[in-house]
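Enquirer: A predicted structure for the sequence below; I have some questions about it.
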Protein chains: 2
Amino acid sequence: MPVNYATPAADQLLPVAGIRLGVAAAEIRKKNHRDLTLLALDAGCTVAGVFTSNRFCAAPVQLCRQHLAGSGEIRALVINTGNANAGTGEPGCRAAQATCDAVAGLFGVAAEQVLPFSTGVILEPLPVERLIAGLPAAQADLRGDNWHAAAHAIMTTDTVAKAASRSLVSNGRKVVITGISKGAGMIKPNMATMLGFLATDAGIAQPLLDRLVKEAADASFNCITVDGDTSTNDSFVMIASGQSGVSFASEGDAGWAEFKAAIIAVAIELAQAIVRDGEGATKFITVAVEGGKNVEECRQVGYAIGHSPLVKTAFFASDPNLGRILAAIGYAGIADLDVDAVRVWLDDVLVAEAGGRAATYREEDGARVMAGAEITVRVNLGRGPAAAQVYTCDLSYDYVKINADYRS
Amino acid sequence: MPVNYATPAADQLLPVAGIRLGVAAAEIRKKNHRDLTLLALDAGCTVAGVFTSNRFCAAPVQLCRQHLAGSGEIRALVINTGNANAGTGEPGCRAAQATCDAVAGLFGVAAEQVLPFSTGVILEPLPVERLIAGLPAAQADLRGDNWHAAAHAIMTTDTVAKAASRSLVSNGRKVVITGISKGAGMIKPNMATMLGFLATDAGIAQPLLDRLVKEAADASFNCITVDGDTSTNDSFVMIASGQSGVSFASEGDAGWAEFKAAIIAVAIELAQAIVRDGEGATKFITVAVEGGKNVEECRQVGYAIGHSPLVKTAFFASDPNLGRILAAIGYAGIADLDVDAVRVWLDDVLVAEAGGRAATYREEDGARVMAGAEITVRVNLGRGPAAAQVYTCDLSYDYVKINADYRS
């Protein structure tokens, strides 16, 4: 059960003009299971993506990078679950290429205009013939109002489908932003990966979109951790169709700030949904680090706290175990950190200052905060103006159970 | 229950001429519990130590660093369990100083000749009066053959006492090396920390000992991980009394190589005992990384594997989940790693090469290795001559249970 998250209803996911989605059951791993998704993009879309930094990145990730770097306009995305096509060597590359070739043939475009995504078991050959055989059914299913079905079709070990949608008025016109994501850990290499897709009917010039996708990823998918592992297949792609009639060419354009804020809010909602559905999660934790010299050191501290198994088990136990949080701050790697300047709060409760427990702290106040399902750990490093947030969940018996039992 | 480890019997722990140990029940946290240990060093010993890199280091760690950097000869060590005297601010510093003052008074030496160590609950004031009141009883108990009692008196959540001892003949004389350690995680900030003490009756010149303690720590206590957390109190101290009549002044001395190897072997035994007794451990895992450009990158890969909750839960499940290991290698941070050159073995079974599963690999071979309690993951990075090892354990339900239930 996710922490305070439910999939929006189908009619809450607004269609994005210029983008149609179709799903099909290709039986890649399971029978009678929708595991294949197509996104068809009208001509004129701009597309940008960010991908895993894992050196063992999957074959489809390699092709995505090539195709986005090429000169061809992206016209289709193809996503399969059930097999990650990762750790599959040269045959895996040929399978990803064959997938793009097949989609290109159906759409009458070049293979370089197709982006492939795979998620699922790794180290096993992709059953590419079954995938290709399923494509016509997915193509026949293409509709603008099919985001809900697509959000379900990209799930693997997710317990809920993840989607977010909103509209805003920009420059006098209505603009839509809709996205879907999947993942229940930063990595689960057997039924792997985090994927995120976000589309808007605003037009965004390619250089601007290239910067936006990185900025949005840094504020959302790059701020989450369930278990500290980084997948072989992580991908986040943003599509801008321009069909709303609103378009942006540069950061100085009227309405850009509001529009960008909305894009980032949707990306954060999609990213947080992954943590809320994190393996075994019973709590959703925001680690807000401020007062750093730069964002990087704030993120270091945020991840040290967010990754610590000791901190995460304390959250599971609803135990205000402050020492574990202080210790994580201390080993986060800031060599010249003045621990006497560090202050730590659990929600609104000051718990630590001057190198130790705050004089005003009472255990029952800490226990009250820890009993909740949504908790903010706020850390002020007392050394500068920078801030960053990390989103994480607790570490429970079920995390061990899910990951220990997974393949059996 | 530790993995393949039992405390040596009392008579297997050889006295080290020049060093006497005494223990007492000071009731620092529990009644009728031996929680106070004294080591008395004859004049003429050299002493060196390495300490935690955690910025929230404990007050006694700060004093140890000062006293070792001073000009006075170290004549006593005082160790208490039940309270880590960490996260205690200025009062904690005064308590550690008062402890040294009291020991110095009993021994007729200066406070700068005493090294203090604390382990236990953090963020709580050290009951320094009870500690000081217990010192005379510990002093009265001082004996050369008391290592077994000391190994027990420094335990916190350890399920077994940890000690190792051996003798060798060096330059025609018998030399003894005996050590004790404690810890069941890299950090447990409530009943915190890893401590290690190793003594020999060989003489070792101070500059040589300073280098040796670092080298031995790097080969032992700095190669272990249970949960990736680094304690506020970690300390490893080496004492050389010289009373065997054998002494070493430089690396070129006759017998130094064999003696150093014996010291490092004892340090590794003590360090591995901590992992074998790791919280919830059911398996002992050696991650041996070779073929790196330098030791640092080998350690990075070793720790990425050794820290991954997904890899560790797979070991708990005896599941040869190769993808998780490959993924950890991939995100270990070697930006120019050629994954096609990487080879991975589980014990003697080649499991991965050329970017994917080895053609010769059979699941039953992997399963056979994973069923054991001692497993070596060998990784060849295929890019250089360097190698490093990391020792870790699996991640089980009991780890979560121990750390979630700890304070309740």
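Expert: Cool, got the structure.
Enquirer: Leaving out chain neighbours, which residue sits closest to residue A:399?
Expert: In space, residue A:399 comes closest to residue A:280 once its chain neighbours are excluded; the distance is 3.4 Å by CB to CB, 6 or more residues apart in numbering or on different chains. C-betas here are computed from N, CA, C, even on glycine.
Enquirer: can I assume the one you found sits in a strand?
Expert: No - secondary structure assignment (DSSP: H, G, I helix; E, B strand; the rest coil) places residue A:280 in coil, not in a strand.
Enquirer: what about stretch A:48-59, near chain B?
Expert: Yes - shown here: stretch A:48-59 in contact with chain B (CB under 8 Å from any CB of the partner chain) through A:53, A:54, A:55, A:56, A:57.
Enquirer: List buried residues within these.
Expert: A:54, A:55, A:56, A:57 (16 or more other CB atoms under 10 Å in any protein chain shown).
Enquirer: Residue A:251 - how many residues pack around it?
Expert: 11 (other CB atoms under 10 Å in any protein chain shown).
Enquirer: check contacts around it.
Expert: By CB atoms under 8 Å, 6 or more residues apart in numbering or on different chains, the residues touching residue A:251 are residue A:208.
Enquirer: For it, what are phi and psi?
Expert: phi -60, psi -20 (degrees, to the nearest 10).
Enquirer: for residue A:222, same thing?
Expert: phi -90, psi 10.
Enquirer: where do the helices sit along the stretch 1-150 of chain A?
Expert: Listed in chain order, the helices of the stretch 1-150 of chain A (DSSP state H, counting those that start in this stretch) span A:59-69, A:89-107, A:128-140, A:147-153.
Enquirer: looking at the ones you listed, which is closest to residue A:25?
Expert: Closest approach to residue A:25 among the helices of the stretch 1-150 of chain A (CB to CB): helix A:128-140, 6.9 Å.
Enquirer: In three-state terms, label the residue lying farthest from the centre of chain A for me.
Expert: Relative to the centre of chain A, and counting by CA atoms, centre = their mean, the farthest-placed residue is residue A:359 at 39.7 Å. In three-state terms, and counting by three-state DSSP, residue A:359 is coil.
Enquirer: Distance of it relative to residue A:350?
Expert: Remark: distance between residue A:359 and residue A:350 (CB to CB, to the nearest Å) = 9 Å.
Enquirer: what helix or strand is residue A:260 on?
Expert: helix A:256-276 (DSSP states H and E).
Enquirer: Tell me which helix or strand comes right after that helix.
Expert: Next element after helix A:256-276 (DSSP H and E): strand A:284-292.
Enquirer: where's the residue in the stretch 1-150 of chain A that chain B sits nearest to relative to residue A:264, distance?
Expert: For the stretch 1-150 of chain A, the residue closest to chain B is residue A:56, as judged by CB to the nearest CB, at 3.2 Å. For residue A:56, the distance to residue A:264 (CB to CB) stands at 30 Å.
Enquirer: what about the nearest residue to residue A:221 once chain neighbours are set aside, neighbour count?
Expert: Nearest non-adjacent residue to residue A:221, counting by CB to CB, 6+ apart: residue A:271, 4.6 Å away. Applying other CB under 10 Å, we find 27 residues neighbouring residue A:271.
Enquirer: OK, contacts around residue A:271?
Expert: A:181, A:196, A:220, A:221, A:223, A:224, A:391.
Enquirer: Quickly note the distance from it to residue A:219.
Expert: Residue A:271 is 8 Å from residue A:219, by CB to CB.
Enquirer: And for residue A:355?
Expert: From residue A:355 to residue A:219 the distance is 32 Å (CB to CB).
Enquirer: So which residues of the stretch 151-300 of chain A form helices?
Expert: A:206-219, A:256-276, A:295-307.
Enquirer: Export those helices to CSV and append columns for mean pLDDT.
Expert: CSV is the format used below for those (pLDDT from 0 to 100):
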stretch, mean pLDDT
helix A:206-219, 92
helix A:256-276, 91
helix A:295-307, 92
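Enquirer: and the residue nearest to residue A:399, how many residues sit next to it?
Expert: Residue A:280: 22 neighbours (other CB under 10 Å).
Enquirer: Likewise for residue A:110?
Expert: Neighbour number of residue A:110 under other CB under 10 Å is 15.
Enquirer: and it, what does it touch?
Expert: Contacts of residue A:110 (CB under 8 Å, 6+ apart): A:72, A:104.
Enquirer: now residue A:224
Expert: A:186, A:271, A:272, A:274, A:275, A:390, A:391, A:392.
Enquirer: What separation do you get for it and residue A:287?
Expert: Residue A:224 is 11 Å from residue A:287, by CB to CB.
Enquirer: Spit out the residues that contact those two alike.
Expert: With CB under 8 Å, 6+ apart as the test, residue A:224 and residue A:287 both reach A:390, A:391, A:392.
Enquirer: Let's see if you can find the most crowded of those.
Expert: Going by other CB under 10 Å, residue A:392 tops the shared contacts of residue A:224 and residue A:287 with 29 neighbours.
Enquirer: what is the residue nearest to residue A:214 when sequence neighbours are not counted paired to in the beta sheet?
Expert: Distances taken as CB to CB, 6+ apart put residue A:50 closest to residue A:214, at 5.9 Å, once the chain neighbours are dropped. Beta bridges link residue A:50 to residue A:236 when assigned by DSSP bridges.
Enquirer: so where's chain A uncertain?
Expert: A:184-193, A:227-232, A:405-408 (pLDDT under 70).
Enquirer: How about the residues of the stretch 1-150 of chain A by chain B?
Expert: A:53-57, A:86-90, A:92, A:121-123.
Enquirer: count of neighbours near the residue nearest to residue A:239 when sequence neighbours are not counted?
Expert: Spatial nearest neighbour of residue A:239, chain neighbours left out: residue A:199 (4.2 Å); criterion: CB to CB, 6+ apart. The number of residues packed around residue A:199, counting by other CB under 10 Å, is 29.
Enquirer: I'd say residue A:313 and residue B:404 touch.
Expert: Yes - judged on CB atoms under 8 Å, residue A:313 makes contact with residue B:404 at a distance of 4.5 Å.
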